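A.B. asks: Here is my input, please return the structure:
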Amino acid sequence: MKKARVAVFLAAAVLALAGCGSQEKETEVSSVSFGKNGEVAHKIVGSFEQEYYDLKELESLASQRVEEYCAEHDKEAVYLESVKEKGGTVSILFQYATAEDYSGFNHRQLYMGTVKEANEGGYDLDSIAFISPEGEPIELGFTEEADAKKILIIETKSGEELSVNLESRILYINQSADSGQEVSFAGKKSVLIRDHAPEEKASALTYIVYE
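C.D. replies: Reported below is the predicted structural model:
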């Protein structure tokens, strides 16, 4: 029974479905951080109950998941940096070679490119309501050199809380949706996503335009 529960927790963690942490401490919020060379660091944070989970088993299962993915892709596509537990909170840190590896490993959308490339790829950005750090509504198509601006599009699941950290200044984010997804600026280079959508809602996309 314990091993089954470990497997369930790992499956949720690896898919970033159990990344809800306390809103009081930034360190307890799951995060995705993007480096200058395209690398991605993904820290998953969740509650940890020792009577149900064994940390070594959890690390072993996470390592096995990484090995399976790398066997089908590049051997350095994903790296398990650490599995730690402190004060009832467990954190799992994965390193990805590319945004595509993050997307493939977690089975969720992650797009990085220019606004023009995103539109050509099927994302209808003209229909998205954006907002500036000052709270002003923005029509992306009317901004200067809109097609050349960079955009990050990331998928989250119901109940998830995620911090997105970039190396460049963030220009605009999509306005919070009526569906329960809350998107907010968390500094010049970070965005906080709180997905409060009903469980039956499969997922939501967040749109981040940056320099």
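
A.B. asks: which residues does the closest residue in space to Thr156 that isn't next to it in sequence contact?
C.D. replies: Using CB to CB, 6 or more residues apart in numbering and skipping residues adjacent in sequence, the residue nearest Thr156 is Asp195, 4.6 Å away. All C-beta spots, glycine's among them, are computed from the backbone N, C-alpha and C. Asp195 makes contact with 156-162, 180-182, 204, according to CB atoms under 8 Å, 6 or more residues apart in numbering.

A.B. asks: If Asp195 is in a bridge, with which residues?
C.D. replies: Taking DSSP bridges, one obtains Gln181 as the residues bridged to Asp195.

A.B. asks: Next: Ser47.
C.D. replies: Thr89.

A.B. asks: Tell me, how many residues neighbour it?
C.D. replies: 14 (other CB atoms under 10 Å).

A.B. asks: next one: Glu76
C.D. replies: Around Glu76 there are 11 other residues, counting by other CB under 10 Å.

A.B. asks: And the protein, what are its domain boundaries?
C.D. replies: Here the domain assignment for the chain is 1-106, 108-211, based on automatic domain parsing.

A.B. asks: Which of the helices or strands spans Arg108?
C.D. replies: Under the criterion DSSP states H and E, no helix or strand holds Arg108.

A.B. asks: SS state for the most centrally placed residue in the chain?
C.D. replies: Geometric centre of the chain, nearest residue: Val32, 4.9 Å, by CA atoms, centre = their mean. Here Val32 takes the strand state, with states given by DSSP: H, G, I helix; E, B strand; the rest coil.

A.B. asks: Surely it is in contact with Leu152?
C.D. replies: No. Between Val32 and Leu152 there is no contact under CB atoms under 8 Å: 9.4 Å.

A.B. asks: Pull up the overlap in contacts between those two.
C.D. replies: With CB under 8 Å, 6+ apart, Val32 and Leu152 have common neighbours Val164.

A.B. asks: Show me the helices in the chain, by range?
C.D. replies: For the chain, the helices defined by DSSP state H cover 2-14, 55-72, 99-106, 115-120.

A.B. asks: quick one: low-confidence ranges for the protein?
C.D. replies: Scanning the chain for pLDDT under 70 picks out 1-27, 48-53, 178-179, 198-202.

A.B. asks: mind running it again at 50?
C.D. replies: 15-26 (pLDDT under 50).

A.B. asks: what about the closest residue to Glu76 other than its chain neighbours, how many neighbours?
C.D. replies: Sequence neighbours aside, Ala97 is the residue nearest to Glu76 in space, at 5.7 Å (criterion: CB to CB, 6+ apart). Using other CB under 10 Å, Ala97 has 19 neighbouring residues.

A.B. asks: now the one 5 residues further on
C.D. replies: Number of residues near Tyr102 (other CB under 10 Å) recorded here: 25.

A.B. asks: Distance check, it against Val78.
C.D. replies: 8 Å (CB to CB, to the nearest Å).

A.B. asks: next one: Val90
C.D. replies: Val90 is 19 Å from Val78, by CB to CB.

A.B. asks: Please say which of the two ends up with more neighbours.
C.D. replies: For Val90 and Val78, the more surrounded residue by other CB under 10 Å is Val78, and the numbers stand at 25 against 21.

A.B. asks: what sits against that one?
C.D. replies: 66, 69-70, 94-97, 101, 105.

A.B. asks: I appreciate the help and will end here.
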